[in-house]
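Chemist: Sequence first, predicted model second:
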Amino acid sequence: MRRLKRRAEFLQVAAVRRSAGMPGLVLQAAPQKTASISGDAGTDADIGVGFTASKKVGGAVERNRAKRRLRALAREILPDAARPGQDYVLIARSETPRRPFALLRRDLISALKRLKSWTGSDGVEGR
């Protein structure tokens, strides 16, 4: 997985306007460009992922906790279950820092399915 770090990369994903809102997170998805803004030429099997949490989530401690949880979730789910050649942005909601991890996992899987980006087996949900 490749990390989205620059604002322009986040704006590219947002410009496609494909998103799925769930109680614990919002997932945005967009097909990758042939070369990313940062100059890194990603392979077709590459998955780009970025994380964001606004001040609506809470103070710095809450925002950092929310992003840590989203990063852990992405490491667990996206490599095996997300469509290659896509960029994803996971946006924290005010519920993200407190929501049980199993429900966050279910939220991400549901969002991937809603965006037709799910390529994994349904066995991942049972983890």
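Modeler: Great, that's in hand. Predicted model, so just to flag it, every value in this text is computed and none were measured.
Chemist: quick check: longest helix of this protein.
Modeler: Longest helix in the chain, counting residues (DSSP state H): helix 60-81.
Chemist: Can you tell me which helices and strands that one packs against?
Modeler: The elements that helix 60-81 packs onto, with contact taken as 3 or more C-beta pairs under 8 Å, 6 or more residues apart in numbering; DSSP states H and E, are strand 48-52, strand 86-92, helix 101-114. Quick note: C-beta positions are derived from backbone N, CA and C, even for glycine.
Chemist: And for Thr52, nearest residue in space, chain neighbours not counted?
Modeler: Ile91 (5.3 Å; C-beta to C-beta, 6 or more residues apart in numbering).
Chemist: was I right about that neighbour contacting Val26?
Modeler: Yes - using C-beta atoms under 8 Å, Ile91 is in contact with Val26, at 4.0 Å.
Chemist: more crowded one of the two?
Modeler: Ile91 (21 against 17; other C-beta atoms under 10 Å).
Chemist: mind checking how far the more buried one is from Ala29?
Modeler: Separation of Ile91 from Ala29 (C-beta to C-beta, to the nearest Å): 12 Å.
Chemist: cool, and Arg6?
Modeler: If you go by C-beta to C-beta, the gap between Arg6 and Ala29 works out to 18 Å.
Chemist: Show me the beta-bridge partners of the residue nearest in space to the middle of the chain.
Modeler: Centroid-nearest residue in the chain: Leu90, 3.3 Å away (criterion: C-alpha atoms, centre = their mean). In this entry, Leu90 is beta-bridged to Leu27, Phe51, by DSSP bridges.
Chemist: Please list all residues in contact with it.
Modeler: By C-beta atoms under 8 Å, 6 or more residues apart in numbering, the contact set of Leu90 is Leu25, Val26, Leu27, Val49, Gly50, Phe51, Thr52, Leu70, Leu73, Ala74, Leu108.
Chemist: how many neighbours does the first one have?
Modeler: Neighbouring residues of Leu25 were enumerated by other C-beta under 10 Å; the total is 24.
Chemist: Correct me if wrong: it contacts Thr96.
Modeler: Yes - contact criterion C-beta under 8 Å: Leu25 and Thr96 qualify, at 5.9 Å.
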